[in-house]
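Student: how does the following fold in three dimensions:
(2 chains)
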Amino acid sequence: MPKMNLTHFEASVLFALFSSVVLGVITKRTDSERLRYGLRCFAYFIAALIGLGWLMYLGHG
Amino acid sequence: MPTNVTKAAAEPAPGRSWYPVVGLGWLVPGGGHFLLKRPGRGALLAASVLAMFLLGLMMRGAMFQPQTGDVLTTIIYVGGFVGDLASGLLYLLTVWLGYSQPDVAGHVHDYGTKFLVAAGLLNILAMVDAYEIATRKKD
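Tutor: The predicted structure follows:
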């Protein structure tokens, strides 16, 4: 098994991607609703990631 | 009589037994959905859980062993073990093939450990979804 080195950002984006796919698939009734919900979850993940990143950067001083 | 007909039509048809669906869903991520003839959703779930698990292995994440002690230790280690175990065959094969990564410092290893647990937790969500489909609570 090859070893993988990812940055915080890369690992978080991959986590967000796969979690969003599962959250999209298991909720809602129709495929279009699932797609929209999955995309929205991914967008929220990325927004939280960037927001918390800036918060830690600014809080660090 | 019309009342009986209306009542019968309003009641949902009895769902199939959920034991094999949830059992297969645990062993093979997405397997429950394949058994319920939802191959598209099953494939997406399988791909996501598998990718998350393999990324965790490639980042050399550690598997949790159940430990008890104070409340926090019990929650972290028993909860982490349950999360790892929820990946089903992926976890069992990995352990049987001798994967034993010590818990070392470093953000990549730490992410790997979280990816391994998250793969199992996502599989639990998939199992709950398969259960609800099998019992006709959703389509």
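Student: how about the residues of chain A near chain B?
Tutor: Residues of chain A lying close to chain B (Cβ under 8 Å from any Cβ of the partner chain) are A:1-6, A:8, A:11, A:14-15, A:18-19, A:21-23, A:25-26, A:29. No exception for glycine: its C-beta is placed from N, CA and C like everyone else's.
Student: among the residues you listed, which are in helices?
Tutor: Among the residues of chain A next to chain B, the members found in helices (DSSP state H) are A:8, A:11, A:14-15, A:18-19, A:21-23, A:25-26.
Student: what about stretch B:27-41, near chain A?
Tutor: Yes - shown here: stretch B:27-41 in contact with chain A (Cβ under 8 Å from any Cβ) through residue B:41.
Student: in that stretch, what's buried?
Tutor: B:28-36, B:38, B:41 (16 or more other Cβ atoms under 10 Å in any protein chain shown).
Student: which of the residues you listed fall in strands?
Tutor: Within these, no residue falls in strands by DSSP state E.
Student: ok, so of the residues you listed, who is nearest chain A?
Tutor: residue B:41 (5.0 Å; Cβ to the nearest Cβ).
Student: so where's chain A uncertain?
Tutor: Judged against pLDDT under 70, chain A has no low-scoring part.
Student: if you set the cut-off to 80 instead, what comes out?
Tutor: Within chain A, the stretches with pLDDT under 80 are A:61.
Student: need the single longest helix in it, by residues.
Tutor: helix A:31-60.
Student: and the angle for that helix with helix A:8-26?
Tutor: 150 degrees (axes from the mean of the first three to the mean of the last three Cα atoms, to 10 degrees).
Student: ends of stretch B:57-74, how far apart?
Tutor: 24 Å (Cα to Cα, to the nearest Å).
Student: got the buried residues for it?
Tutor: Quick answer for stretch B:57-74 (16+ other Cβ under 10 Å): B:57-64.
Student: does the residue nearest the centre of chain B sit in a helix, a strand or a coil?
Tutor: With distances taken as Cα atoms, centre = their mean, residue B:123 lies nearest the centre of chain B, 2.1 Å away. Assigned with DSSP: H, G, I helix; E, B strand; the rest coil, residue B:123 falls in the helix class.
Student: no further questions, thank you.
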